[in-house]
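> got a sequence here, can you build the structure:
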Amino acid sequence: MDNVTETLASMIIIGICATLVMDVWGWLRQPLLGVAPPNYAMVGRWLLHMGHGQFRHTAIAASPAMPGEKATGWLAHYLTGLAFAGILLAIEGQSWIDQPSLAPALLVGIGTVAAPFLLMQPGMGAGIAACRMPDPNTARLQSLLTHAIFGIGLYLGGWVSHGMQG
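Coordinates of the predicted model:
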């Protein structure tokens, strides 16, 4: 396999693994912390409304439902995970895949919290860094924790990818 194909394959493996780890965490939050799992249908609704020129909502849940919003949301969730894995690999390169380490993966994972804080939450009506939520600090902490878990998933995905290359 050439380097580009190998890196692309690693990005896909790492991104899927990290997103799966994040999803497992999302489902465990309910019994452990009493926090409902993310509703990616709302992400799909937000994205599908963009196709009709609406980029900001007062409250995405109150916006009209869109056909295919659940599938669109889940697809966007996994594609975003792949893109974030690509960022890690663009920063760290093949040497990280050869010997995955936690710190870079965790830093990238935590850094990805900028996407919901600065794009998704404002666009969906929650404000920058959830400032319009009933308990913004709890929402921020949950986002930060979830993205740290994603970073751990990047690290685990790095080892899966490494094992598949060896």
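
> the lowest-mean-pLDDT helix or strand in the chain: how far from the chain's middle?
In the chain, no helix or strand scores lower on mean pLDDT, DSSP states H and E than helix 94-98, which sits at a mean of 92. With CA atoms, centre = their mean, to the nearest Å as the basis, helix 94-98 stands 22 Å off its chain's centre.

> okay, buried residues for whichever helix or strand comes after that helix please.
Downstream of helix 94-98, the next assigned helix or strand under DSSP states H and E is helix 102-111. The neighbour-count check on helix 102-111 (16 or more other CB atoms under 10 Å) flags 104-106, 108-109 as buried. C-beta here means a position set from N, CA and C on the backbone, and glycine is covered the same way.

> and if you look at stretch 120-138?
Buried residues in stretch 120-138 (16+ other CB under 10 Å): 120-126, 129-130, 132, 136.

> low-confidence ranges, this protein, go.
1, 166 (pLDDT under 70).

> nearest to the spatial middle of it, which residue is it?
Gly81 (5.0 Å; CA atoms, centre = their mean).

> excluding its backbone neighbours, what's nearest it?
Thr19 (3.3 Å; CB to CB, 6 or more residues apart in numbering).

> next one: Trp25
Ile149 (4.3 Å).
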